[in-house]
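[1] no sequence for this one, just the structure:
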Ligand code: NAP
């Protein structure tokens, strides 16, 4: 008996993918035609070979979902709220790739549950403190992340948060709405200005440097930074000086945290650090809540050890509405919206999907985390 075998021919041209299901011989003839195909960009799947399985932990953009579905069998948690731990553990089982977010803790338990098929973990974030990187590396799983594409958005938000805090914008808006605005008043709702100020940036990476560039035109007097490694070339171009942490805390009118959360930076902003700051200092954090010892910050704000704080990140997230930080007028709190521009979030979703596709095909990921 003659059986006809079919091949599933996938072709990539630029960023477009084409799939053909053809009788094997036709498929091979087709393949033999002079198409400009690289070895990496073609894949054959016999009809019995299943597509790689991907689990996506949140509702993402249609565009990102579409490019994943072209090549993968995709299942997802379709809600805007985070996937529960139980649902994640159940659904990650047997998957080849995981599309996750910073709200998903990816640790040994998740990896064990996923099993040996898991080859790629792509997080839709630049921060990766929610991933147990050592466990992941032990299993030769590749990690994709989203550097650069959110840098501008997060730097913009950092500047916005700084001004909202120092110029008391939220408090002022509240006063205007609730009848607290009686008349123009010389010292009402005043705060420290940027003009002539010393700005200190802790973590002079991609976001830290973009924050620095955006603050220069405010006519600041001095820009100083503290970073794990020297950033001599970038600092020279921007006009920043490297100092140790002690000096930065003591000298800065504005202390801005844009460092990564690591075992070394965990709770580095503690009682001791706040005591070293000026009583007029404004502290801004757009990195991760974990870099701050939060009880120390509450103390520093309550006792006016520092002037005020603006936080886009905190511990835990979401911050319970009865948290002492919400009771403090000199603290501005945002719900982790650093990268929340439409453009940045869409590009982050797309880059995460592309990281997965490239990883599954054995190609270089557009943004692989190499530690
Ligand atoms: P990045 O380029 O890797 O910058 C992180 C910087 O932190 C690096 O320059 C690094 O120094 C520095 N650093 C690490 N450990 C340090 C230490 N012990 N002391 C001083 N500096 C230290 O990353 P990025 O793209 O700028 O992002 C920075 C962080 O921002 C992310 O990790 C993420 O947590 C956070 N983030 C938050 C939001 C938000 O929505 N609020 C959005 C995006 C990112 P080296 O150069 O020596 O490695």
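    Arrived safely, thanks for sending. As the structure is a prediction and not an experimental result, all values here were calculated from the model.
[2] may I ask you to name the longest helix in the protein?
    Ranked by residue count and defined by DSSP state H, the top helix of the chain is helix 342-361.
[3] surely residue 255 forms part of a strand?
    Yes - Residue 255: assigned to a strand according to DSSP: H, G, I helix; E, B strand; the rest coil.
[4] excluding sequence neighbours, find me the nearest residue to the most centrally placed residue in the chain.
    Geometric centre of the chain, nearest residue: residue 125, 3.1 Å, by C-alpha atoms, centre = their mean. Take residue 125 and drop its neighbours on the chain: the residue closest to it by C-beta to C-beta, 6 or more residues apart in numbering is residue 102, 4.4 Å away. C-beta here means a position set from N, CA and C on the backbone, and glycine is covered the same way.
[5] need the contact list for the one you found.
    Neighbouring residues of residue 102 by C-beta atoms under 8 Å, 6 or more residues apart in numbering: 123-125, 127, 130.
[6] secondary structure class of the residue nearest to the centre of the chain, three-state.
    Assignment for residue 125 (three-state DSSP): coil.
[7] any figure for the gap between it and the ligand?
    7 Å (C-beta to the nearest ligand atom, to the nearest Å).
[8] pLDDT wise, what is that residue at?
    Residue 125 carries a pLDDT value of 98.
[9] what backbone torsions are found at it?
    Here is the backbone geometry of residue 125 (degrees, to the nearest 10): phi -160, psi 160.
[10] do I have it right that it meets residue 147?
    No - the pair residue 125 / residue 147 is not scored as a contact, 9.6 Å apart, by C-beta atoms under 8 Å.
[11] contacts only, for the residue of the stretch 101-250 of the chain found nearest the ligand.
    Taking C-beta to the nearest ligand atom, the ligand has its nearest neighbour within the stretch 101-250 of the chain at residue 205, 1.9 Å off. When contacts are counted by C-beta under 8 Å, 6+ apart, residue 205 is found next to 227, 258-260.
[12] do residue 158 as well
    Counting by C-beta under 8 Å, 6+ apart, residue 158 has contacts 207, 211, 256, 258, 284, 286, 312, 338.
[13] and of the residues you listed, the nearest to the ligand?
    residue 338 (2.2 Å).
[14] any idea which element the closest one lies in?
    Assigned by DSSP states H and E, residue 338 falls within no helix or strand.
[15] show me what contacts the spatially closest residue to it that is not a sequence neighbour?
    Nearest non-adjacent residue to residue 338, counting by C-beta to C-beta, 6+ apart: residue 154, 4.0 Å away. Neighbouring residues of residue 154 by C-beta under 8 Å, 6+ apart: 207, 210, 286, 338-339, 344.
[16] and residue 261, by the same measure?
    127, 129, 287-288, 290-291.
[17] so where's the stretch 1-150 of the chain shaky on pLDDT?
    For the stretch 1-150 of the chain, applying pLDDT under 70 flags the ranges 1-49.
[18] for the chain, what lies in contact range of the ligand?
    Counting by C-beta under 6 Å from any ligand atom, the chain comes close to the ligand at 126-127, 147, 150-151, 154, 203-208, 226-229, 258-262, 264-265, 286-288, 312-313, 336, 338-339.
[19] of the residues you listed, select the buried ones using a ChimeraX command.
    Typed into ChimeraX, the line below selects the buried ones among those, using 16 or more other C-beta atoms under 10 Å:
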select :126,127,150,151,154,203,204,205,206,207,208,226,227,258,259,260,261,265,286,287,288,312,313,336,338,339
